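Asks: okay, sequence plus prediction incoming.
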Amino acid sequence: MINVFHIVSSKTWGGAERYASDLVDHMRHDRDFYVEVVSAKNDDIIEQFQKMDIPVSILPLKGIRDFDSPVRLARMLRKGKNIVHVHTYRDATTAVMARIISDNPDTKVVLTPHGLKKPKLNYVSKKVYRNIDRFVFVSQFAYDYFLAHAPRLSKSKTTVIPESVLNTDTSAQAPVPDLRKQLKMTPEQTLIMFHSRLNREKGIDVLLKAVAQLDRSIYKLVVLGDGQLKAVSRIKSFIVENNLVDNVRLYGFQRNVHGYLWQCDFGVQPSTVAEVQGISNLEYMKQGKPVITTSNGAQPEYIRDMENGILVKPNNPDQLAEAINTLCHDRELVLRLGKQAKLDFDKHLNYSRFYDKITTFYSSLFAD
């Protein structure tokens with residue numbers, strides 16, 4: 001058996017936490033692995049893992065000046081075959097120090113970078129990188145970006161395993177409203193959806209500028225997600241000032257996101273920054289819904305323009321409005337794109353495929 005420890009130190013729930021959550025949720029049923037989460041003290045995040053009956057160890061996880069966390073983590077690593085899977089550079093430092101203290105040659109450190117930050121190249125960072133056993137990238141785009149800024153990193157220590165989303169059983173989650181009924185929509189109206197953090201980087205401002213150009217009678221836009229108070233206030237002000245109150249509904253953060261997604265006609269995720277994968281796009285594809293997204297990251301690796309979705313330029317509300325308007329007036333195109341999106345997800349991006357690859361990778365670390 002291989003012991004897998006996922007370190008989750010963020011104060012907010014994001015892509016890295018979702019990646020770890022889906023993986024440990026799937027892995028807890030696998031007899032070849034024991035899985036545990038190591039978390040900073042954050043009640044909301046800890047609660048998510050405890051609901052899945054996942055063991056959670058709480059450490060300070062404060063970075064390079066935190067000597068307590070590596071010592072305590074090392075106690076967990078002294079015996080057996082261990083993998084410490086980290087999702088930030090700071091946590092990689094903790095994991096490397098713990099591995100050294102544990103003095104267990106059968107402990108491996110794996111880093112999956114989830115953001116698009118340039119790797120630090122100072123003396124300490126280079127030393128940490130040398131002691132990381134493998135880097136796992138969630139897309140080819142993420143891999144290319146990282147190696148472009150860390151050219152001396154040995155390619156033998158890297159691998160690309162495209163990220164996926166877990167097939168969630170929505171029937172076991174909190175019930176969701178009938179959106180078309182609640183919004184008093186006519187059969188002819190299109191239900192558009194956006195779900196992500198409410199900040200400029202995810203493109204919510206661009207989306208609102210785009211829908212403000214459309215005929216108000218043809219659509220309703222449901223927005224799922226939350227953000228900082230200042231950002232939410234800005235969004236609400238734009239909605240009021242542009243007479244979008246009857247067309248745009250903010251539903252806040254929802255845990256049962258899939259229960260909402262299946263009700264929409266299509267999704268829009270117009271990120272203004274490069275996405276290392278774009279997990280929200282995959283969630284639409286899994287539901288058989290086309291998505292309009294931007295072309296500034298890994299999205300073109302799985303979205304083919306006008307074949308299984310639509311690609312637009314970032315920060316371009318006019319082009320985005322045109323794409324949305326096209327789908328609002330062409331139901332056959334929506335169905336065709338959605339059907340192909342579902343086929344592509346099931347064939348190339350499904351979670352079973354991802355899980356087989358990541359667990360095969362885990363086992364390969366001890367093959368020598």
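Replies: Okay, I see it. Numbers count the residues shown, from 1 in each chain.

Asks: quick one, what contacts His149?
Replies: 118-119, 121 (CB atoms under 8 Å, 6 or more residues apart in numbering). All C-beta atoms are positioned from the backbone trio N, CA, C, and that covers glycine.

Asks: for the residues you listed, pick the one with the most neighbours.
Replies: For the contacts of His149, neighbours were counted by other CB atoms under 10 Å; the highest total belongs to Pro119, with 16 neighbours.

Asks: break down this structure into its helices, ranges please.
Replies: Listed in chain order, the helices of the chain (DSSP state H) span residues 15-27, 43-50, 68-76, 89-102, 123-130, 140-149, 179-182, 204-211, 229-241, 257-261, 279-286, 317-328, 331-344, 351-364.

Asks: out of the ones you listed, which is closest to Ile2?
Replies: Closest to Ile2 of these, according to CB to CB: helix 351-364, at 6.0 Å.

Asks: and which of the contacts of His149 is nearest Gly278?
Replies: If you rank these by distance to Gly278 using CB to CB, Lys118 comes first, at 19.9 Å.

Asks: quick one, what contacts that closest one?
Replies: Applying CB under 8 Å, 6+ apart, we find Lys118 in contact with His149.

Asks: check what pLDDT it gets.
Replies: Lys118 is assigned a pLDDT of 81 by the prediction.

Asks: ok so, going back, return the most buried member of the helices of the chain.
Replies: Comparing these on average neighbours per residue, with mean count of other CB atoms under 10 Å, the densest one is helix 279-286 at a mean of 25.

Asks: picking up where we left off before, so which of the contacts of His149 is the closest to Tyr260?
Replies: If you rank the contacts of His149 by distance to Tyr260 using CB to CB, Lys118 comes first, at 35.4 Å.

Asks: in CSV: the helices of the chain, plus mean pLDDT and distance to His195.
Replies: CSV is the format used below for the helices of the chain (pLDDT from 0 to 100; distance: least, CB to CB, whole Å):
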stretch, mean pLDDT, distance to His195
helix 15-27, 89, 12
helix 43-50, 84, 17
helix 68-76, 96, 34
helix 89-102, 95, 27
helix 123-130, 86, 34
helix 140-149, 93, 22
helix 179-182, 97, 13
helix 204-211, 98, 10
helix 229-241, 96, 14
helix 257-261, 92, 6
helix 279-286, 95, 6
helix 317-328, 98, 16
helix 331-344, 98, 16
helix 351-364, 96, 18
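
Asks: in TSV: those, plus distance to Thr293.
Replies: Converted to TSV, those look like this (distance: least, CB to CB, whole Å):
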stretch	distance to Thr293
helix 15-27	15
helix 43-50	26
helix 68-76	38
helix 89-102	27
helix 123-130	32
helix 140-149	13
helix 179-182	21
helix 204-211	11
helix 229-241	20
helix 257-261	14
helix 279-286	5
helix 317-328	10
helix 331-344	11
helix 351-364	20
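
Asks: re earlier: strands - which of the contacts of His149 land there?
Replies: Among the contacts of His149, the subset assigned to strands under DSSP state E is empty.

Asks: tell me the one among the residues you listed nearest to Ser196.
Replies: Distance ranking of the contacts of His149 against Ser196, using CB to CB, places Lys118 first at 23.4 Å.

Asks: okay, now the domains of this protein?
Replies: In the domain annotation for the chain, the residue ranges read 2-167+351-364, 170-349 (automatic domain parsing).

Asks: pretty sure Val334 sits against Leu327.
Replies: Yes - counting by CB atoms under 8 Å, Val334 sits close enough to Leu327 to count as a contact (5.3 Å).
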